[in-house]
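**Student:** Got a sequence here, can you model it:
(chains A, B, C and D)
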Protein chains: 2
Amino acid sequence: MEAKPKTMEITAERIAEECVAVRLRVLTRAVTSIYNRALRPHRLTVSQMNILVAISCLGEARQQAVCRALHLEKSSLSRDLARMLARGWVNTLAGEDGRTSLLTLTTTGRRLLNKAIPAWQRAQQQAIALMGDKQVAGLNRAVKTLRAAKAKNLI
Amino acid sequence: MEAKPKTMEITAERIAEECVAVRLRVLTRAVTSIYNRALRPHRLTVSQMNILVAISCLGEARQQAVCRALHLEKSSLSRDLARMLARGWVNTLAGEDGRTSLLTLTTTGRRLLNKAIPAWQRAQQQAIALMGDKQVAGLNRAVKTLRAAKAKNLI
DNA sequence: CCTCACTTGTTGTATATACACTCATCAGCA
DNA sequence: TGCTGATGAGTGTATATACAACAAGTGAGG
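**Tutor:** Purely as a prediction, here's the structure:
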């Protein structure tokens, strides 16, 4: 007979079962590895692909815009980009602002992205199969909520 | 007038909108930072807390068991544990198998976990508010599906 | 003009993560 | 008993990520 009322007591078991972070992180590790396995023959990671895609969508983009789009810290992006610049996937143009330069994909970068699309599609299908359609849809709603919260400076 | 049928063409825009990995990763970065901010005063990260919780739940655990529970690569856990051992949060007992040792929380580790619980609760509430109840529930289903897939060696 | 607060990006440092490989041990079998 | 494949953990190397501190540029008031 357990004297303490369960609703008041936070145990390791409850954290393990309920923690949003642990679930998200476990899922992300699993899904990330699916994409990375698929992309590896192209010597591309899912993180790098995300950045290529963001730059492609934004056109001539400042780093800050990419950071906002991907909810990435500026120093993280800075280092990721250093690798991608060194590999010739991305180019920088001088912007009007002396502090910034504008990012664009090089021909190499664009070609790499196109070449990797079939692998992305395979990974995408595996990920959807793994998580289920409904949960993927829920993910979309969660990201929308996140973007709305960011727009309101709640985060 | 665009000649190519849209359903056949995969563009960067479509990847940005549809990619499961980019959404999961963005969400995870946002949620992780909520927990890490809350836990920082305890000099604890959400990743470390997850490991403490897993060890606490498993009792005397081999590393492999923790890896399975958290879908973590063994080398990742090995290094995370090195820090936690150095800080005196975790202890190792010799197991029957000469290759393995059994992990337990030290008193320090257990105390740290207990002390951090209120911060975890605050972060948990913020995360649920950010994502929405329904999406959190969807997350739970997704993790269940993942564990089932792993049990069947599908991943 | 100047100064000063703000913005943008980089660097120092630390943690988190994975893959490929290695080392030690174990378990089954010849 | 001794080999041999499997298993559990650690190491080399690389990427990903964040916070704090810094450097450089911008812009608004005075």
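**Student:** Work out for me the element the closest residue to chain B within chain A sits within.
**Tutor:** Scanning chain A for the residue nearest chain B gives A:Gly138, at 3.2 Å (criterion: Cβ to the nearest Cβ). Just so you know, the C-beta spots here come from the backbone N, C-alpha and C atoms, and that holds for glycine as well. Here A:Gly138 sits within helix A:133-151, counting by DSSP states H and E.
**Student:** helices or strands up against that helix?
**Tutor:** Helix A:133-151 makes packing contacts with helix A:107-131, helix B:20-39, helix B:107-131, helix B:133-151 when contacts are defined by 3 or more Cβ pairs under 8 Å, 6 or more residues apart in numbering or on different chains; DSSP states H and E.
**Student:** Quick one, which of those gets closest to A:Glu96.
**Tutor:** The stretch from the helices and strands packed on helix A:133-151 with the least distance to A:Glu96 (Cβ to Cβ) is helix A:107-131; that distance is 23.3 Å.
**Student:** Show me which residues of chain A are close to DNA strand D?
**Tutor:** Near DNA strand D, the residues belonging to chain A are A:45, A:47-48, A:71-73, A:75-76, A:79-80, A:83, A:97-99 when assessed by Cβ under 7 Å from any atom of the strand.
**Student:** Any of those residues buried? List them.
**Tutor:** A:Thr45, A:Ser47, A:Gln48, A:His71, A:Leu72, A:Asp80 (16 or more other Cβ atoms under 10 Å in any protein chain shown).
**Student:** follow-up on the earlier one: could you export the helices and strands packed on helix A:133-151 to JSON lines, including columns for distance to A:Ala30, mean pLDDT and mean neighbour count?
**Tutor:** Putting these into JSON lines (distance: least, Cβ to Cβ, whole Å; pLDDT from 0 to 100; neighbours: other Cβ atoms under 10 Å in any protein chain shown) gives the following:
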{"stretch": "helix A:107-131", "distance to A:Ala30": "7", "mean pLDDT": "96", "mean neighbour count": "18"}
{"stretch": "helix B:20-39", "distance to A:Ala30": "9", "mean pLDDT": "97", "mean neighbour count": "22"}
{"stretch": "helix B:107-131", "distance to A:Ala30": "18", "mean pLDDT": "96", "mean neighbour count": "18"}
{"stretch": "helix B:133-151", "distance to A:Ala30": "6", "mean pLDDT": "90", "mean neighbour count": "16"}
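**Student:** quick one, which of these is nearest to A:Thr32?
**Tutor:** Evaluated with Cβ to Cβ, the helices and strands packed on helix A:133-151 place helix B:20-39 nearest to A:Thr32, the distance being 6.2 Å.
**Student:** what about the closest one, near chain A?
**Tutor:** Yes - using Cβ under 8 Å from any Cβ of the partner chain as the criterion, contacts between helix B:20-39 and chain A involve B:20-32, B:34-35.
**Student:** Contact partners for the residue nearest to A:Ala127 when sequence neighbours are not counted?
**Tutor:** Leaving out its chain neighbours, the residue that sits closest to A:Ala127 by Cβ to Cβ, 6 or more residues apart in numbering or on different chains is B:Val20, at 4.2 Å. Neighbouring residues of B:Val20 by Cβ atoms under 8 Å, 6 or more residues apart in numbering or on different chains: A:Val31, A:Gln124, A:Ala127, A:Ile128, A:Met131, A:Val136, A:Leu139.
**Student:** Phi first, then psi, for the closest residue to DNA strand D within chain A.
**Tutor:** Minimum separation of chain A from DNA strand D (Cβ to the nearest atom of the strand) falls at A:Gly98, amounting to 2.6 Å. When read as degrees, to the nearest 10, the backbone of A:Gly98 gives phi -70, psi -20.
**Student:** pLDDT at A:Ala3, what is it?
**Tutor:** Here the pLDDT value assigned to A:Ala3 is 47.
**Student:** quick one: A:Leu77 and A:Ala69 touch, right?
**Tutor:** No - shown here, A:Leu77 and A:Ala69 do not form a contact pair, counting by Cβ atoms under 8 Å, at 10.2 Å.
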